[in-house]
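>>> Could you look at this predicted model? Sequence included:
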Amino acid sequence: MPSNPNSFLMKKILSGIQPTGDIHLGNYFGAIDNWVKLQDNYLCTYGVVDYHSMTMPYDPKKLKENTWKMAFQILACGVKVENLFIQSLVPEHTELAWILGCVCSYGELSRMTQFKDKSEQLNDKGKDSVISAGLFYYPVLQAADILIYHADLVPVGKDQEQHLELSRNIAQRFNFLYNKEYFHHPDPLFTETPKILSLADPTRKMSKSLGEKHHINVFGEEAQIRKQIRSAVTDAGESSGNEMSAGVKNLFEILKACGDLNSYNSLIREYHSQQLKYSSLKEAVAEALVAKLKPFHENLQQIQENKKDIKNQIKASSEKIRERARQTVKEVREIAGL
């Protein structure tokens, strides 16, 4: 029996994150924080999607290391272990992706904007960078990730809406071709998530690919976090009139996301009365951020001390979640005549 008696009435949510190393502030406030909050009201399934990381050039040893690191850090941030799986421990995702690929049109995949963007990134790196067929095909795997668990809702940002629409189209075409209403169409779940920008260039999204100055590691040293906040770009001469500059707005966004609304409201009033000192804003952001992240650091320390046991728990939860995936693939194979 489910631990929650209302769980049969709850909508199902699926979301995933690629294992790119440490979770940075943009990852946390843009996704993980939301995952934790959704657990109380939905049946949630969250994946560390390591198959997706293979679409771009990668180091195999580093991929395995980063996959476990990401899983541990997600748990340290508050995601329940029973909701977490590692994608490569559920190979049914790839079988379903092949079947769904056979009902997805080439034209739909060729219109995916992220394929174009990432292809350009690889072209910029020179002739040794190969644009893989996996990079072209991975939206079908993403659709399989969603449909294999019959997700009702998928938390997405506007930049991911195109991929979810492809998942809906694939589900609809599968149902039509096989004359059976098997897959229902997942809806986007647009939730209020702060957009955290680079501290060094607040015109750009926070990203590890831009370098160390551009992102804050959620599990980084306190001294380093404080130093990065103190060094954050504020006006940089780009503000005009009464419009708040991107750098100052970014600091206020981080402060608000940390939940220190007293400091946020007080400093906003100072800003509008032109009394604000940026040093005071940065100090408040640093204090709020360190306080917010401290419990995660303590949780991760406990996980590291019990790494073997936690790994086994993640493997067990992946196997439990795999049972649902196996059932879906079994039914799909029957429908598709396999």
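On my side now, so go ahead.
>>> Could you list the low-confidence segments of the protein?
Within the chain, the segments meeting pLDDT under 70 span 1-8, 121-129, 158-159, 236-242.
>>> can you give me the strands in it?
12-17, 43-48, 84-86, 153-155, 187-189 (DSSP state E).
>>> got CSV for those, with mean neighbour count and distance to residue 298 too?
Heads up, the C-betas are built off the backbone N, CA and C, glycines and all. Formatted as CSV, those follow (neighbours: other C-beta atoms under 10 Å; distance: least, C-beta to C-beta, whole Å):
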stretch, mean neighbour count, distance to residue 298
strand 12-17, 21, 22
strand 43-48, 24, 22
strand 84-86, 23, 19
strand 153-155, 22, 27
strand 187-189, 16, 30
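>>> what's the domain layout of the chain?
Using automatic domain parsing, the domain ranges for the chain come out as 7-193+307-335, 208-300.
>>> Now tabulate the ones you listed in TSV and tack on distance to residue 202.
Formatted as TSV, the domains of the chain follow (distance: least, C-beta to C-beta, whole Å):
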stretch	distance to residue 202
domain 7-193+307-335	12
domain 208-300	4
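>>> Adding distance to residue 180 as columns, could you present the strands of the chain in TSV?
Shown next, in TSV, are the strands of the chain (distance: least, C-beta to C-beta, whole Å):
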stretch	distance to residue 180
strand 12-17	20
strand 43-48	24
strand 84-86	27
strand 153-155	22
strand 187-189	21
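>>> Which one, of these, ends up nearest to residue 271?
Closest to residue 271 of the strands of the chain, according to C-beta to C-beta: strand 153-155, at 31.3 Å.
>>> what's next to the closest one, contact-wise?
The contact list for strand 153-155 (C-beta atoms under 8 Å, 6 or more residues apart in numbering) reads 11-15, 31, 34-35, 38, 42, 146, 164, 167, 186-189, 191.
>>> and what of stretch 255-272?
Residues outside stretch 255-272 that contact it (C-beta under 8 Å, 6+ apart): 29, 33, 194, 196, 244, 248, 252, 276-277, 280-281, 284-285, 287-289, 291-292.
>>> Would you mind listing the buried residues in that stretch?
Residues of stretch 255-272 classed as buried: 255-258, 260, 263-264, 267-268, 271 (neighbour count, 16 or more other C-beta atoms under 10 Å).
>>> same check, this time on stretch 95-106
95-97, 99-101, 103-104.
>>> Also stretch 282-294?
282, 284-290, 292-293.
>>> nearest to residue 134, of the residues you listed?
Comparing these against residue 134 with C-beta to C-beta places residue 293 closest, at 34.6 Å.
>>> my guess is that closest one meets residue 225, correct?
Yes - with contacts counted by C-beta atoms under 8 Å, residue 293 reaches residue 225, the gap being 7.4 Å.
>>> first vs last residue of stretch 84-101, how far apart are they?
26 Å (C-alpha to C-alpha, to the nearest Å).
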